[in-house]
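Enquirer: Turn this into a structure:
(chains A and B)
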Amino acid sequence: EADIYQTPRYLVIGTGKKITLECSQTMGHDKMYWYQQDPGMELHLIHYSYGVNSTEKGDLSSESTVSRIRTEHFPLTLESARPSHTSQYLCASSPSELYGYTFGSGTRLTVV
Amino acid sequence: AQTVTQSQPEMSVQEAETVTLSCTYDTSENNYYLFWYKQPPSRQMILVIRQEAYKQQNATENRFSVNFQKAAKSFSLKISDSQLGDTAMYFCAFMNYNAGNMLTFGGGTRLMVKP
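Expert: As a prediction, this is how the structure comes out:
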């Protein structure tokens, strides 16, 4: 069982609400990532971090923001949710290139 | 930039039979890693198998094996003795060596194992 946890697993919220998706890992990995997975299942990198106080935007433009104050914690925040944000969000971490990524179970977000 | 292409959006196989999922990639680099990930319905994405480009020997993990053709930039996944639990989305992924640990994913292949 992977040591990376995402909460909540499912979330339905109204338009305009602020939400934070939690991601925590207990493996001590420096590198962490957020992916958005669309209904067609394609994966799009939206944010990544190489360590504490390091955050970068990914390939897909996103209105979300992230923070990395502690190694184990990499939350993603949407200040004002819209229906276009409806998607599955996957968090991942990695120790090095050789081992690829370990993924969390995902958060399925629905904005109504 | 690297691209990864999975040309089979959907595939099906009978239980106990063998199936091969295709993946091609485009890169000008010589050192890199390749991965296959499995995402079962509503479940966590997990690593199935990985291959280091400098190794000529094809990776094998139990019923899963790859056919890595570096010159052709091809990295197919073979699943032998398919089981119902193999039903999932399968993603091929590429990572450059010493390039920031960034994975590039293919679009995925949905595999259905039929009883």
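Enquirer: and the lowest-mean-pLDDT helix or strand in chain B, what other elements does it pack with?
Expert: Scoring the helices and strands of chain B by mean pLDDT, DSSP states H and E places strand B:103-105 at the bottom, with a mean of 91. On a contact count with 3 or more C-beta pairs under 8 Å, 6 or more residues apart in numbering or on different chains; DSSP states H and E, strand B:103-105 meets strand B:3-5, strand B:88-96. C-betas here are computed from N, CA, C, even on glycine.
Enquirer: quick one: that strand to chain centroid distance?
Expert: Here strand B:103-105 shows a centroid-to-chain-centroid distance of 11 Å under the convention C-alpha atoms, centre = their mean, to the nearest Å.
Enquirer: neighbours of the residue in chain B positioned nearest to chain A, just the number please.
Expert: As assessed by C-beta to the nearest C-beta, chain A sits closest to residue B:45 within chain B, at 4.1 Å. The number of residues packed near residue B:45 is 25, by other C-beta atoms under 10 Å in any protein chain shown.
Enquirer: Same question for residue A:24.
Expert: 18.
Enquirer: and chain A, which of its residues are near chain B?
Expert: Counting by C-beta under 8 Å from any C-beta of the partner chain, chain A comes close to chain B at A:2, A:31, A:33, A:40-43, A:45, A:48, A:50, A:90, A:94, A:96-106.
Enquirer: give me that answer again for 6 Å
Expert: A:31, A:41-43, A:94, A:97, A:100, A:103, A:105 (C-beta under 6 Å from any C-beta of the partner chain).
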